[in-house]
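>>> Any chance you can model this:
(chains A and B)
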Amino acid sequence: MKAVVTVTGKDSVGIIARVSTLCSEYNANIIDITQSVLSEYFAMIMLVEIDELKIPFAEFADKLAATGKEKGLDIRAMHEDIFNTMHHV
Amino acid sequence: MLNVTDILETIGMIREENLDIRTITMGISLLDCVSEDENRLCEKIYDKITRKAEHLVEVGCDIEKKYGIPIVNKRVSVTPVSIVGGSISPDGYLKIAHTLQRAAETLGINFIGGYSALVHKGMTEGEKNLISVIPEALAQTQLVCSSVNVATTKAGINMDAIRMMGTAIKRAAYLTRDNNSIGCAKLVVFANVPEDNPFMAGAFHGVGEPDSVINVGVSGPGVVAAAIRRAGDCNLSELADVIKKTAFKITRVGQLVASEAAERLNTPFGIIDLSLAPTPAVGDSVAHILEEMGLESCGGYGTTAALAMLNDAVKKGGVMASSHVGGLSGAFIPVSEDAGMIAAVERGALTLEKLEAMTAVCSVGLDMIAIPGDVSEDVICGIIADEISIGVANTKTTAVRVIPAYGKKCGDVVNFGGLLGYSPIMDVKPYSPARFVARGGRIPAPIHSLKN
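Numbering: from 1, shown residues only, chains lettered A, B, ... in the order given. A predicted model of the protein is given here:
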């Protein structure tokens, strides 16, 4: 199972480091990362594998969201199926 | 493969355009709870509901987290209690209302529907008993919703039932007068009621349904409005396509959530209700969609045409996205729950008469409309009869949920709070249909050929 982690907000130092640390801490394997910075606006999309996650996915999503809040960023972890169903027939 | 644009589009829908799953509703049959003893009946009802829906809220919250999409309501609908209660006393029916309330509190759900009766052709003693205590039941409970079907296209219109409902609405308004007559917000009068509707206050679990079932109501007026805004000055054919594509995407999410909820709760999946259900939040309004389509104000000329097109396009887009579609499916136009409708009433653009015309082309009917508290029972019966006739003649569902707000007059405002929103009191013409209503009896079913 894969999840999509999205980070959006104002660019600041160490965003990727912070998120990847959390991923490794809870055993979410990062498969792919894309990111872009548009006039100080930062958008990163990370595809992670969550089969071996140490905690329930809901808790993992909460931890990421809380970290985002500290930094003034919007961080969401969502199961990839929501994107697949919405955009692919 | 996923691409960045798709991902950001989905996130934008949820974050900025208020995309949500409006409700996961578990329908539960109470047919096996029948008992001659009122206390035993209530006990069995409580046990069945709390057993079947034990994990509903937990699973709903879990799915919400998994997909990162809000699931606003978790609800239960049950077999119309008049069928389960049979000929028990009015007091017995009141006990059932308290039992449903208690079960809803135990489960932690938002509403429970099915305090209902189907009386389109006539009424049993038990149904009379139930209807006689609906006002008390709504006043004494918070989470119980009630609905009564008074007409179908095949049976015609039961005017005797409409008269009883006029009385029930006025009494519910009086009994909940200290709380803006909120009892009436939990009571719907239907024509051609669907048996699998997940939306309150009209949800119940029909007799043709399985023992339990999962029905899901999607939402997303804000997403449709934003898509129309992005489409710019295109013609109406192109605009219909934009709405269809958006409805497709919204419904796919609903289907995903419904399938997963059904699987986890070990309950069959019933239907997706493809409805654009507004909330009072800014950016979550059906009226604003119509205005985005090019109207100066909802309620002005062109409103019915725009709404008809919107309603049709939503269905066309949604149908392919789901394996089973049902319920009410279409655009809802409740007044107090829609910021754009409220504004249209306040500026004098939207009247009761225009709303009635709008209900001929969209789902449901005169919904969450606050009227002066001194409007007579007869006039309320006239409003109901008019609206119900639209449904019967057009072979569609229509409904009335009006709130004659006790002690309030035209121009005042009532605030129901939460998703029920607030509403200016709308003007109602004073001319009485008393003689017509007092005749009672049934309006015969309409003819199905010679259509004009």
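>>> remind me which residues of the chain are low pLDDT?
Let's take chain A. Chain A contains residues with pLDDT under 70 at A:39.
>>> I was after chain B.
B:1.
>>> Near chain A, which residues of it are found?
Applying Cβ under 8 Å from any Cβ of the partner chain, we find that chain B lies next to chain A at B:2, B:4, B:6-11, B:15, B:61-62, B:65-69, B:249, B:252-253, B:255-256. Quick note: C-beta positions are derived from backbone N, CA and C, even for glycine.
>>> Please report how far B:Leu94 lies from chain A.
40 Å (Cβ to the nearest Cβ, to the nearest Å).
>>> where does the closest residue to A:Asn84 other than its chain neighbours land in three-state SS?
Residue nearest to A:Asn84 in three dimensions, not counting chain neighbours: B:Leu2, with 7.1 Å by Cβ to Cβ, 6 or more residues apart in numbering or on different chains. Using DSSP: H, G, I helix; E, B strand; the rest coil, the three-state assignment for B:Leu2 comes out as coil.
>>> looking at it, B:Leu2 is touching A:Thr85, isn't it?
No: counting by Cβ atoms under 8 Å, B:Leu2 sits too far from A:Thr85 to count as a contact (11.5 Å).
>>> Are the longest helix along chain A and chain B in contact anywhere?
For chain A, the helix that runs over the most residues, judged by DSSP state H, is helix A:57-71. Yes: Helix A:57-71 reaches chain B (Cβ under 8 Å from any Cβ) through A:Phe57, A:Ala58, A:Ala61, A:Asp62.
>>> Would you state the helices of chain A in chain order?
For chain A, the helices defined by DSSP H cover A:15-25, A:57-71, A:81-87.
>>> show me the contacts for residue 68.
Going with chain A. A:Val7, A:Gly9, A:Asp74, A:Ile75 (Cβ atoms under 8 Å, 6 or more residues apart in numbering or on different chains).
>>> if you could check chain B rather than the one you did, that'd help
Shown in contact with B:Gly68 (Cβ under 8 Å, 6+ apart): A:Ala61, A:Arg76, A:Ala77, A:Met78, A:His79, A:Ile82, B:Ile14.
>>> ditto for B:Pro135
For B:Pro135, the contact set (Cβ under 8 Å, 6+ apart) comprises B:Ala168, B:Arg171, B:Ala172, B:Tyr174, B:Leu175, B:Gly183.
>>> Sort out for me which of these are in helices.
Judged by DSSP H, the contacts of B:Pro135 include B:Ala168, B:Arg171, B:Ala172, B:Tyr174, B:Leu175 as members of helices.
>>> Make CSV from these and add distance to B:Ala370 and neighbour count to it.
Shown next, in CSV, are those (distance: Cβ to Cβ, whole Å; neighbours: other Cβ atoms under 10 Å in any protein chain shown):
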residue, distance to B:Ala370, neighbour count
B:Ala168, 17, 25
B:Arg171, 17, 19
B:Ala172, 13, 27
B:Tyr174, 15, 16
B:Leu175, 17, 19
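>>> how about a markdown table for those, with distance to B:Ala308 added?
Below are those laid out as a markdown table (distance: Cβ to Cβ, whole Å):
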| residue | distance to B:Ala308 |
| --- | --- |
| B:Ala168 | 32 |
| B:Arg171 | 36 |
| B:Ala172 | 32 |
| B:Tyr174 | 37 |
| B:Leu175 | 38 |
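>>> B:Ala343: which of those residues is nearest?
B:Ala172 (27.6 Å; Cβ to Cβ).
>>> what about the nearest residue to the closest one once chain neighbours are set aside, how many neighbours?
Excluding the flanking residues, the one nearest B:Ala172 by Cβ to Cβ, 6+ apart is B:Gly183, at 3.6 Å. Neighbour count for B:Gly183, taken as other Cβ atoms under 10 Å in any protein chain shown: 28.
>>> roughly how far apart are B:Gly183 and B:Lys244?
Per Cβ to Cβ, to the nearest Å, B:Gly183 is found 39 Å from B:Lys244.
>>> Please apply the same query to B:Ile388.
The spacing between B:Ile388 and B:Lys244, counted by Cβ to Cβ, is 31 Å.
>>> So these two - more neighbours on which side?
More crowded of B:Ile388 and B:Lys244, by other Cβ under 10 Å: B:Ile388, with 30 against 18.
>>> For that one, which non-adjacent residue is spatially closest?
Counting by Cβ to Cβ, 6+ apart, the residue nearest B:Ile388 is B:Ala191, at 4.2 Å.
>>> who does the one you found bridge with?
Note on B:Ala191: beta-bridge partners B:Ala151, B:Thr398, judged by DSSP bridges.
>>> Give me the neighbour count for it.
Neighbours of B:Ala191 (other Cβ under 10 Å): 29.
>>> Hmm, it is touching B:Asn158, no?
No: at 10.1 Å, B:Ala191 and B:Asn158 do not qualify as touching, with contact defined as Cβ under 8 Å.
>>> wait, which of the ones in helices among the contacts of B:Pro135 is closest to B:Val144?
B:Ala172 (11.9 Å).
>>> which ones are touching that closest one?
B:Ile134, B:Pro135, B:Leu138, B:Ala139, B:Ser181, B:Gly183, B:Cys184, B:Leu187.
>>> Find the helix or strand that the third one is a member of.
When secondary structure is defined by DSSP states H and E, B:Leu138 falls within helix B:125-140.
>>> how about that helix: buried residues?
B:126-140 (16 or more other Cβ atoms under 10 Å in any protein chain shown).
>>> go on, stretch B:397-416?
For stretch B:397-416, the neighbour count (16+ other Cβ under 10 Å) marks B:397-406, B:408, B:414, B:416 as buried.
>>> List the ones among these that fall in strands.
Of the positions in the buried residues of stretch B:397-416, B:Thr398, B:Ala399, B:Val400, B:Arg401, B:Val402, B:Ile403, B:Pro404, B:Ala405, B:Val414 sit in strands, assigned by DSSP state E.
>>> anything in contact with each of B:Ala191 and B:Asn158?
B:His120, B:Val150, B:Ala151.
>>> Can you get me the start-to-end distance on stretch B:433-443?
Length of stretch B:433-443, first residue to last, Cα to Cα, to the nearest Å: 15 Å.
>>> distance between it and the chain's centre?
Centre-to-centre, stretch B:433-443 and its host chain are 27 Å apart (Cα atoms, centre = their mean, to the nearest Å).
>>> swap in stretch B:168-177?
20 Å.
>>> Show the contacting residues for B:Asn158.
Counting by Cβ under 8 Å, 6+ apart, B:Asn158 makes contact with B:Val119, B:His120, B:Lys121, B:Gly122, B:Met123, B:Val150, B:Ala151, B:Arg442.
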